[in-house]
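Chemist: With the sequence up front, the predicted model follows.
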Amino acid sequence: MSRIFSGIQPSGELHLGNYLGAVKNWVRLQHQHPTIVCIVDYHAITVQYDPEQLRVRRRDMALSLLAAGIDPNIATLFVQSTVPEHTELAWIFNTVAPLGELERQTQFKEKSQRQESVSAGLLTYPVLQAADILLYRADLVPVGEDQVQHLELSRVIARRWNAHFAAGEEFFPEPQALLTPARRIMGLDGQAKMSKSLGNTIGLLEPSDQIWEKLRPAVTDPKRVKRTDPGTPEVCNIYHLHKAFSPPETVEHVAEQCRTAGWGCLDCKHVLHGTMLEELVPIQARAKELNAKLSLINDALATGTARCAMVARETMREVRDKMGIT
Ligand code: SF4
């Protein structure tokens, strides 16, 4: 059966963007495939960061993932740096990764423009991603459109390594993209993807009144200036959030009320607030339990590390053997 690998940066508490855009899908997939979910702290250090904050954010991310439904009895959840074979394999892959393709990665170009000084780690970020995936010989990787290019590079690396050291046999499978069904979740400003650095997010664990304070002024269809102006739901981020949280009959009703100016945008947001809470309240209750008993998080991560370390050690034993490294 296909094995799934997913990575997420330790950015602290999940927000609706990464919950709807990725994690909710992983929660579903864990019941269909052997699934590994990795908190990729070595990726997080490719840009400037605060070590103390990294510790806190790593724990908060683990808590959020477990609260959101990643079940450590079904899936494997662990922190990347607790399995050192990730960086060992990344170094090996650096020797077969084509420099030109690394330099052409869109994410490298975008991120490097925002940095005062660009590290080699930022350039080789997708090589570490290839190591993350291939260490477990995962063959499916749930990704959004923006990650497809990195995954293509993982395939190139697998192919090149196999050609050099496995006599062309498929020792490392070429991982395939499992495109995430949810569309890109826009931020409350309606301008850019929901992202902590842009301050346009709603946190998964935010209390109801704070969520409302953020939803109330959120950008809607800019052409609905007056309450009586009919709107176009398809251009409104609130409508897309309805599609993620509200039942189909409510979504249909929202569209109709919007087009006929039957509802004002505040009416529409009130309904969304309600359906959102129906999904978030149980997640927040689980988060509270985990917060009160942090050993549950530590135990889940330790079990995940132990499972991954066993597979990683065996992969690296074979890799070293094939490469003539003792
Ligand atoms: S009524 Fe709802 S869908 Fe229509 S513009 Fe307002 S918030 Fe958006």
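Modeler: Cool, the structure landed. Numbering: from 1, shown residues only.
Chemist: interface residues of the chain facing the ligand?
Modeler: Counting by C-beta under 6 Å from any ligand atom, the chain comes close to the ligand at 220-221, 224, 231, 233, 236, 238-239, 254, 258, 263, 265, 268-269. The C-beta positions use only the backbone N, C-alpha and C, and glycine is treated the same way.
Chemist: can you tell me the helix or strand for Ile36?
Modeler: Here Ile36 sits within strand 35-39, counting by DSSP states H and E.
Chemist: who does that strand touch, helix- and strand-wise?
Modeler: With contacts taken as 3 or more C-beta pairs under 8 Å, 6 or more residues apart in numbering; DSSP states H and E, strand 35-39 sits against strand 4-8, helix 24-29, helix 51-68, strand 76-79, helix 295-323.
Chemist: Of the ones you listed, which is nearest Gln210?
Modeler: Closest approach to Gln210 among the helices and strands packed on strand 35-39 is made by helix 51-68 (16.1 Å; C-beta to C-beta).
Chemist: sorry, back to before: would you list the helices and strands packed on strand 35-39 in a markdown table and tack on mean pLDDT?
Modeler: What follows is the helices and strands packed on strand 35-39, written out as a markdown table (pLDDT from 0 to 100):
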| stretch | mean pLDDT |
| --- | --- |
| strand 4-8 | 97 |
| helix 24-29 | 96 |
| helix 51-68 | 97 |
| strand 76-79 | 98 |
| helix 295-323 | 98 |
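Chemist: Count the residues that sit near the residue of the stretch 51-200 of the chain found nearest the ligand.
Modeler: Per C-beta to the nearest ligand atom, Gly190 is where the stretch 51-200 of the chain lies closest to the ligand, at 9.7 Å. The number of residues packed near Gly190 is 17, by other C-beta atoms under 10 Å.
Chemist: Now do the contacts for it.
Modeler: Taking C-beta atoms under 8 Å, 6 or more residues apart in numbering, we find Gly190 in contact with 218-220, 236-237.
Chemist: circling back to that earlier point, how far does the strand holding Ile36 sit from its chain's centre?
Modeler: Centre-to-centre, strand 35-39 and its host chain are 10 Å apart (C-alpha atoms, centre = their mean, to the nearest Å).
Chemist: Identify the neighbouring strands of it in the sheet and state each direction.
Modeler: Here strand 35-39 has these sheet partners by DSSP bridges: strand 4-8 (parallel), strand 76-79 (parallel).
Chemist: Switch the helices and strands packed on strand 35-39 over to JSON lines; also include mean neighbour count.
Modeler: Conversion of the helices and strands packed on strand 35-39 to JSON lines gives the following (neighbours: other C-beta atoms under 10 Å):
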{"stretch": "strand 4-8", "mean neighbour count": "22"}
{"stretch": "helix 24-29", "mean neighbour count": "19"}
{"stretch": "helix 51-68", "mean neighbour count": "19"}
{"stretch": "strand 76-79", "mean neighbour count": "23"}
{"stretch": "helix 295-323", "mean neighbour count": "16"}
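Chemist: pLDDT below threshold where in the stretch 101-250 of the chain?
Modeler: In the predicted model, the stretch 101-250 of the chain carries pLDDT under 70 at residues 182-183.
Chemist: for it, what spans make up the strands?
Modeler: Taking DSSP state E, counting those that start in this stretch as the test, the strands found in the stretch 101-250 of the chain are 140-143, 176-179.
Chemist: Tell me which of the ones you listed sits nearest to Arg320.
Modeler: Taking C-beta to C-beta, strand 140-143 is the member of the strands of the stretch 101-250 of the chain nearest to Arg320, at 24.8 Å.
Chemist: what sits up against that closest one?
Modeler: Outside strand 140-143, the residues that touch it by C-beta under 8 Å, 6+ apart are 2-6, 22, 25-26, 29, 33, 133, 147, 150-151, 154, 175-180.
Chemist: need the helices for the stretch 101-250 of the chain, in chain order.
Modeler: Shown for the stretch 101-250 of the chain, the helices assigned by DSSP state H, counting those that start in this stretch span residues 106-113, 120-123, 125-134, 148-165, 208-215, 237-245, 248-259.
Chemist: Next, the buried residues of the longest one.
Modeler: Burial within helix 148-165, assessed by neighbour count using 16 or more other C-beta atoms under 10 Å, is assigned to 149-158, 160-162, 165.
Chemist: So what touches it?
Modeler: Helix 148-165 is contacted by residues 92-93, 96-98, 101-102, 105-107, 126-127, 129-130, 133-134, 141, 143, 168-175, 177, 179, 319, 322-323 when judged by C-beta under 8 Å, 6+ apart.
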